[in-house]
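> what follows is a predicted structure for the sequence shown.
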Amino acid sequence: MELVFSDGSQFELSYELLRVYSTSAEVQGHGPGQEVLQVGQRAVDIVTLEPVGNYAVQPTFSDGHSTGIYSWEHLFWLGTNRDELWRQYLERLEAAGASRDAGAAPFEQRPKSK
């Protein structure tokens, strides 16, 4: 997805990055440290993209996920931090023995203990 902001900033964000950093509670959890690692999302696509007022968009992804609302501020943050966020995502996948590919070796996400 290519984003162009009024200040001239431009970002290209992959659908996979958008999916794994969804703002929804099922991805982010209900508090710090409750994030759920998203696996098997390499080929995810956006099938619909709906406006939410003038402040956000709500995509429906090809895996059925549709509960994230992405404010323009959040999309700008994702664009600004894209490379670091991607690095962190890949590190978490590796640490968990998980894959970006759907149907890869079984993986069970467990909430982080406090």
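Sure, I can see it.

> buried stuff in stretch 71-86?
Neighbour-count burial for stretch 71-86, counted by 16 or more other CB atoms under 10 Å, picks out 74-75, 78-79, 82, 85-86. C-beta: built from backbone N, CA, C; applies to glycine.

> what's downstream of the lowest-mean-pLDDT helix or strand in the chain, the next helix or strand?
The weakest-scoring helix or strand in the chain, judged by mean pLDDT, DSSP states H and E, is helix 25-28 (a mean of 89). On the C-terminal side of helix 25-28, the closest following helix or strand by DSSP states H and E is strand 46-52.

> which other helices and strands contact that next one?
Judged by 3 or more CB pairs under 8 Å, 6 or more residues apart in numbering; DSSP states H and E, strand 46-52 is in contact with strand 56-61.

> just want the angle from the strand it packs on to strand 46-52.
160 degrees (axes from the mean of the first three to the mean of the last three CA atoms, to 10 degrees).

> how far does the helix or strand just after strand 56-61 sit from its chain's centre?
Later in the chain than strand 56-61, the nearest helix or strand by DSSP H and E is strand 70-71. How far strand 70-71 lies from its chain's middle: 11 Å, per CA atoms, centre = their mean, to the nearest Å.

> in contact with L13: list those residues for me.
Neighbour list for L13: 1, 3, 75, 78-79, 82 [criterion: CB atoms under 8 Å, 6 or more residues apart in numbering].

> any chance of CSV for those residues, columns secondary structure, distance to V47 and pLDDT?
Converted to CSV, those look like this (DSSP: H, G, I helix; E, B strand; the rest coil; distance: CB to CB, whole Å; pLDDT from 0 to 100):
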residue, secondary structure, distance to V47, pLDDT
M1, coil, 13, 94
L3, strand, 19, 95
L75, helix, 18, 97
L78, helix, 20, 98
G79, helix, 22, 97
R82, helix, 22, 98
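
> any idea which of those is closest to A43?
M1 (15.3 Å; CB to CB).

> show me where this structure dips below the pLDDT cut-off.
104-114 (pLDDT under 70).

> same for the least confident helix or strand of the chain, what does it pack against?
Contact partners of helix 25-28 among helices and strands, from 3+ CB pairs under 8 Å, 6+ apart: none.
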